[in-house]
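Enquirer: Pasting a predicted model and its sequence here:
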Amino acid sequence: MFSGFKRHHPSSPPSIQALALLRSALSSPYPPGKQSAPPLEFDLEVVETKPPTADQLRTILTYITPPKSTAPSVSSAFLSAHPASSGLGEQPQSVKGIVSLAEQNPNVFKWPVVVDWIGGRASVGDVEGVKDILEAIRQRRDGEVKQDEVYQPKGWFS
């Protein structure tokens, strides 16, 4: 089962749209056009206006970075280019700096933040990414994708 959270900013249109998608997927047939389909099952925790912690941001950064590619800069991954966030001066390059700045001015942060902690997926500031997470959950529910195998690193004793 998907267990995740959504960091929500009530004045952000993408955040409002993402929250509506998530709630609809829990309460209505999913996908929406297929009336015989059941709703998706997942735990949804909504946290309003508070940015993720530094540890959560580090994990989320690994979730949004495709395998075998370079991680985006911390500031480009989490900070908005929206005019309301202008006047920042120099942008922080650490997750602690991002959290501190977002706590001072929530408008600098990309909203929404939707995380599937179990599936290792995240979407930051992107409603399409939320749709992708919901589709992955639907595919798993409908048996189109095998349950992810548990990662077991090879070591001295394997």
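Expert: Sure thing, it's come through. Numbering: from 1, shown residues only.
Enquirer: and the residue nearest to Gln35 when sequence neighbours are not counted, how many residues sit next to it?
Expert: Once its chain neighbours are removed from consideration, Gln35 has its nearest residue in Pro29; the separation is 5.4 Å (Cβ to Cβ, 6 or more residues apart in numbering). Any C-beta I mention is one placed from the backbone N, CA and C, and that applies to glycine too. With neighbours defined by other Cβ atoms under 10 Å, the count for Pro29 comes to 15.
Enquirer: can you confirm Pro29 is in a strand?
Expert: No. Secondary structure assignment places Pro29 outside any strand; it is coil (DSSP: H, G, I helix; E, B strand; the rest coil).
Enquirer: Helix or strand: which one has the closest residue to Val113 other than its chain neighbours?
Expert: Once flanking residues are discounted, Val113 sits nearest to Arg7: 3.8 Å by Cβ to Cβ, 6+ apart. Assigned by DSSP states H and E, Arg7 belongs to strand 2-8.
Enquirer: Now do whichever strand or helix holds Ile137: everything it contacts.
Expert: Using DSSP H and E, Ile137 sits in helix 127-141. Where contact means Cβ atoms under 8 Å, 6 or more residues apart in numbering, the residues beyond helix 127-141 that reach it are 2, 4, 14, 17-18, 21-22, 25, 30-31, 37-38, 40-42, 64, 112, 114, 116, 119, 121-123, 145, 147.
Enquirer: and if you look at stretch 63-78?
Expert: Taking contacts as Cβ under 8 Å, 6+ apart, the residues outside stretch 63-78 that touch it are 57, 61-62, 91-95, 97-98, 102, 109-110, 115-116, 120-124, 129.
Enquirer: Point to the residue nearest the middle of this structure.
Expert: Of all residues in the chain, the one closest to the mean position by Cα atoms, centre = their mean is Val114, 2.6 Å from it.
Enquirer: Great, nothing more from me.
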